[in-house]
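A.B. asks: sequence and predicted structure are below.
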Amino acid sequence: MAFFRTCDGVGRRDFLRAGAAGGAGLTLANYLQMTHADQIRAEATAESAIFINLNGGPSHLDTFDPKPDAPDEYRGEFDPIQTSVSGISISEHLPKLAQVMDKFCILRGVTHNVAAHQLGTEYINTGNRPLPSLKYPGFSAVVSRELSGPPELPQAVAIPRSQQQAGFLGVRYVPMNTSALPQVGKPFRVRGMSLSGGLTISDVEKRRNLLTQLDTTFHGVEENDQLLEALDQFGQQAHTMISSPISRRAFDVSQEDPVFTKPFGETGLGGSCLLALRLVEAGVRFVTVTNGGWDTHRDNWTSLADRQLPPLDEALSALFAGLESRGLLDSTIVYVTGEFGRTPKINTERVGRDHYARNMFMLLAGGGVKGGQVLGESDEKGTMPKNDGFSPDDVAASFYHALGIDHNKEYHTNTSRPVMIVRNGTVIPEVFA
């Protein structure tokens with residue numbers, strides 16, 4: 001599998017180096033030691049969520065906000081095509097998505113000012129502008145805390161791994177990483193789920209016994225330690241998930257009918273979207289799919305036309321149609337975004353586009369979202385929102401709203417500091433109109 005590195009040197013593998021302390025994502029074994037959900041949602045239009053992270057920052061002008069009448073130094077090399085919804089055009093390299101425009105909503109004129117990969121990713125993945133003094137929890141951590149699910153399955157899964165941190169909520173709320181990309185039509189094994197490396201169920205039982213000893217030894221000494229609190233759930237969950245046919249079946253994409261899987265194609269993104277569908281169908285509340293390669297400073301149009309857009313077009317259109325055919329689209333909200341957009345004015349020396357956070361696109365679908373519409377507008381060159389625009393905070397508030405989670409709800413850090421889930425966002429009512 002490919003591991004893309006963005007221009008500031010941050011690679012997918014780098015997010016793993018923080019380990020449990022950073023909360024950026026764990027393998028199954030570590031996840032089972034540290035995860036626990038303790039609250040249930042209120043009313044919601046969505047039961048589960050799929051968050052698709054286009055890592056690197058995709059160009060808005062060359063995808064979902066084309067500007068065919070802009071000057072040559074802005075418009076780029078692609079032409080727009082009409083979608084199935086009258087009056088809405090997107091890039092010519094997204095023909096399959098154009099045909100299912102009725103199933104998703106385009107947000108244009110989303111704007112912020114954090115144009116560095118890691119900080120931009122933190123912002124988009126939490127709905128809160130990053131602060132040096134506080135690590136906000138990502139969507140997967142909040143959903144894991146607020147929603148309940150089947151005991152045989154994790155609350156949150158990341159394919160292949162997550163860039164969402166648990167923040168001050170602690171390591172028990174990190175997602176489980178698959179650590180690999182599934183391939184359509186082939187059996188898929190999650191490390192640990194298949195007991196690889198010689199691990200047996202008896203080993204799990206031994207760890208449960210060790211936990212009992214730890215509880216006895218450290219009782220009254222480490223009562224507030226988040227790691228030991230998370231370990232309290234390890235033994236039973238590990239045994240349940242590893243021995244459960246439900247969990248094995250949910251992760252095995254090879255069990256799907258080839259007729260159903262064909263539209264997903266043969267790419268890692270297609271396999272990831274297929275697995276995401278299977279997981280929410282089984283009862284997983286939150287699935288993150290990460291797709292890299294969008295950091296197109298150089299050779300922007302060749303990269304997009306040959307490598308990035310065809311798999312995105314194929315996988316997303318298949319995901320929307322597949323969710324609908326399984327009766328899951330109305331109960332699953334899908335959120336597609338990068339960390340920022342790219343410069344409207346072309347970098348002619350490198351034939352590319354550079355970082356640009358002041359204008360970008362986002363996509364929402366399912367879970368009460370009204371498809372077939374474009375909300376927001378950018379100016380004639382795609383440089384800024386034409387009016388007020390939307391902030392990542394607003395989109396995050398709307399995302400949580402669909403899941404029945406009050407974005408104004410306060411959590412408390414381990415120093416008793418009250419912190420709202422989303423500090424500055426406002427729900428966008430038109431998304432659900």
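C.D. replies: Cool, got the structure.
A.B. asks: now do whichever strand or helix holds L363: which elements does it pack against?
C.D. replies: For L363, the host element (DSSP states H and E) is strand 360-365. The helices and strands touching strand 360-365, judged by 3 or more Cβ pairs under 8 Å, 6 or more residues apart in numbering; DSSP states H and E, are strand 104-110, strand 332-337, helix 392-402. C-betas here are computed from N, CA, C, even on glycine.
A.B. asks: and for D72, the neighbour number?
C.D. replies: Using other Cβ atoms under 10 Å, D72 is surrounded by 8 other residues.
A.B. asks: shaky segments in the stretch 1-150 of the chain?
C.D. replies: In the predicted model, the stretch 1-150 of the chain carries pLDDT under 70 at residues 1-5, 8-42.
A.B. asks: what about the strands in it?
C.D. replies: 48-54, 80-82, 89-91, 104-110 (DSSP state E, counting those that start in this stretch).
A.B. asks: out of those, which is closest to H297?
C.D. replies: Smallest distance to H297 across those (Cβ to Cβ): 15.6 Å, for strand 48-54.
A.B. asks: and the angle for that closest one with strand 360-365?
C.D. replies: 150 degrees (axes from the mean of the first three to the mean of the last three Cα atoms, to 10 degrees).
A.B. asks: show me where the stretch 101-250 of the chain has its helices.
C.D. replies: 117-126, 139-146, 201-218, 226-231, 234-243, 245-251 (DSSP state H, counting those that start in this stretch).
A.B. asks: now the terminal residues of stretch 341-355, how far apart.
C.D. replies: End-to-end span of stretch 341-355 (Cα to Cα, to the nearest Å): 7 Å.
A.B. asks: can you give me the buried ones in that stretch?
C.D. replies: 341-347, 351-355 (16 or more other Cβ atoms under 10 Å).
A.B. asks: closest one to A46 out of those residues, please.
C.D. replies: G341 (26.0 Å).
A.B. asks: residue ranges with poor pLDDT in the stretch 201-350 of the chain?
C.D. replies: Ranges of the stretch 201-350 of the chain meeting pLDDT under 70: 201-243.
A.B. asks: gap between stretch 319-334 and the chain center?
C.D. replies: Between the centre of stretch 319-334 and the centre of its chain there are 16 Å (Cα atoms, centre = their mean, to the nearest Å).
A.B. asks: give the buried residues for it.
C.D. replies: Neighbour-count burial for stretch 319-334 [16+ other Cβ under 10 Å]: 319-324, 328-329, 331-334.
A.B. asks: a markdown table for those, including distance to I159?
C.D. replies: Output for those, formatted as a markdown table (distance: Cβ to Cβ, whole Å):
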| residue | distance to I159 |
| --- | --- |
| L319 | 12 |
| F320 | 17 |
| A321 | 19 |
| G322 | 15 |
| L323 | 16 |
| E324 | 21 |
| L328 | 17 |
| L329 | 19 |
| S331 | 20 |
| T332 | 15 |
| I333 | 17 |
| V334 | 14 |
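A.B. asks: and of these, the nearest to H60?
C.D. replies: Nearest to H60 among the buried residues of stretch 319-334, with distances taken as Cβ to Cβ, is V334, at 18.4 Å.
A.B. asks: what sits opposite the closest residue to the closest one other than its chain neighbours in the beta ladder?
C.D. replies: Distance criterion Cβ to Cβ, 6 or more residues apart in numbering; nearest residue to V334, sequence neighbours excluded, is A365 at 4.3 Å. A365 has the following beta-bridge partners by DSSP bridges: F104, V334.
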